[in-house]
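K.L.:
Generate a structure from the sequence data that follows.
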Amino acid sequence: MKFLKYILLFLLIVIIGAAIYIATLNGKYDIKSSRIMKAPAALIFENINDFKNWQHWGPWYEMDPTIVASYPEITSGVGASYSWTGKDGTGSMKTISLVPNKGLIQQIDFGTGSTPEVYWDITETETGNKVTWGMRGESSFTEKAYWLTQGGIEKNMKPMYNRGLELLEQHILSEMNKHSFKIIGEIDYGGGFYMYQSTSCKIQDVDSKMGEMFEAVINYMKENSIEASGKPFLLTHNWDEINNTTMFSTCVPVKERVITTGNVLTGFLKPQKTFKTIFYGSYQYSHKAWEAAYKELAEQGYTALENSEPFEVYSVRPTDNPNPAKWVTEIYIPIN
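P.N.:
Predicted coordinates for the structure are as follows:
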């Protein structure tokens, strides 16, 4: 009996000692991971701002396939929230502040008594956007005891953040690469006046050149209070793949002929019969739509007008939507 008393006393001392030790542990933590992503900041922000998007990349769905998420009416922006249930219990999260395309601060509740702060930061670098995902807070006594038996909170949580950022990047890049096209067929294009700049360059330099030129034309129109009457378009005068050269004009439609000075001029696109195709996606894949358009118009018995100038109208551009998969380009090939 005396031996049992000593055992109980010893256990009591150990328990008290452990409690004192746990109580004196620093419960504050700030766990974070970062990853450089070659994706627009606006698109990254769009994916982390709306909780409904988290189901596509959240690492916990890999760890626990039984998780079921529930969404209220508001799932993005300040005040947005969602909750979940899984094998380890329930939880919820809400957004408490944000800076568009820069970062978010959210509050997570695991039902353990503490509500850590989850934070996101998007910073532009020379090689891409640096995305940092972290969680900071202070563990309760029970949480400190739990994490002590698991080897520490950082050891357990940081791999999840690393995997989450990896999955987020994979999802975003996959979404960005989606593309498709739709053959419309013969249509009568109305034509009209347009403001433009022209140049010739190597084919691989087209994207950089056209960006500068569109900006110059649009800025000229703003400075002179000239209103656009349609979407910008690219008029191709010559495309020589053998010599790797092209000549083109960046154009913005206007209602009437404008007398200009300087390097922005006014042109006129005559009404004509064309073969139309609509391309959805990043410009790097648009050649697939062009090739399909020429093939289809021939199969339908049409002939591309000799020495004509095909053009593409940018219905939805990068300035309209950060996701390349959402860009819409209308392709017009003049036909006989």
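K.L.:
how far out from the middle of the chain is the helix or strand containing residue 164?
P.N.:
According to DSSP states H and E, residue 164 maps onto helix 153-176. Computed by Cα atoms, centre = their mean, to the nearest Å, the chain-centroid distance of helix 153-176 equals 15 Å.
K.L.:
can you check stretch 123-131 too?
P.N.:
Computed by Cα atoms, centre = their mean, the chain-centroid distance of stretch 123-131 equals 13 Å.
K.L.:
Same check on stretch 293-307?
P.N.:
With Cα atoms, centre = their mean, you get 36 Å for stretch 293-307.
K.L.:
buried stuff in it?
P.N.:
By neighbour count, with 16 or more other Cβ atoms under 10 Å as the criterion, the buried positions of stretch 293-307 are 293-294, 296-297, 302, 304-305. The way it works is simple: take the backbone N, C-alpha and C, and place the C-beta from them, glycine included.
K.L.:
Which member of those residues is positioned nearest residue 264?
P.N.:
residue 305 (27.5 Å; Cβ to Cβ).
K.L.:
burial of residue 254, as a residue count?
P.N.:
Around residue 254 there are 19 other residues, counting by other Cβ atoms under 10 Å.
K.L.:
Spit out the contact partners of it.
P.N.:
Counting by Cβ atoms under 8 Å, 6 or more residues apart in numbering, residue 254 touches 192-195, 221, 226-229, 266.
K.L.:
Who does it form a beta bridge with?
P.N.:
Note on residue 254: beta-bridge partners residue 228, judged by DSSP bridges.
K.L.:
Check what pLDDT it gets.
P.N.:
Looking at residue 254, its pLDDT reads 97.
K.L.:
And the helices in the stretch 1-150 of the chain?
P.N.:
Secondary structure of the stretch 1-150 of the chain (DSSP state H, counting those that start in this stretch): helices located at 2-24, 41-49, 60-63, 141-149.
K.L.:
Then the stretch 151-300 of the chain?
P.N.:
Ranges of helices in the stretch 151-300 of the chain, per DSSP H, counting those that start in this stretch, are 153-176, 206-223, 286-299.
K.L.:
Enumerate every residue touching residue 53.
P.N.:
46-47.
K.L.:
go with 10 Å
P.N.:
46-47, 75-76, 168, 171-172, 175 (Cβ atoms under 10 Å, 6 or more residues apart in numbering).
K.L.:
what do you get for residue 266?
P.N.:
193-196, 226, 251, 254, 256-260.
K.L.:
out of the residues you listed, which are inside strands?
P.N.:
When DSSP state E defines the strands, the subset of these inside them is 193-196, 251.
K.L.:
Between the residues you listed, which sits nearest residue 37?
P.N.:
When these are compared against residue 37 (criterion: Cβ to Cβ), the nearest one is residue 251, at 33.6 Å.
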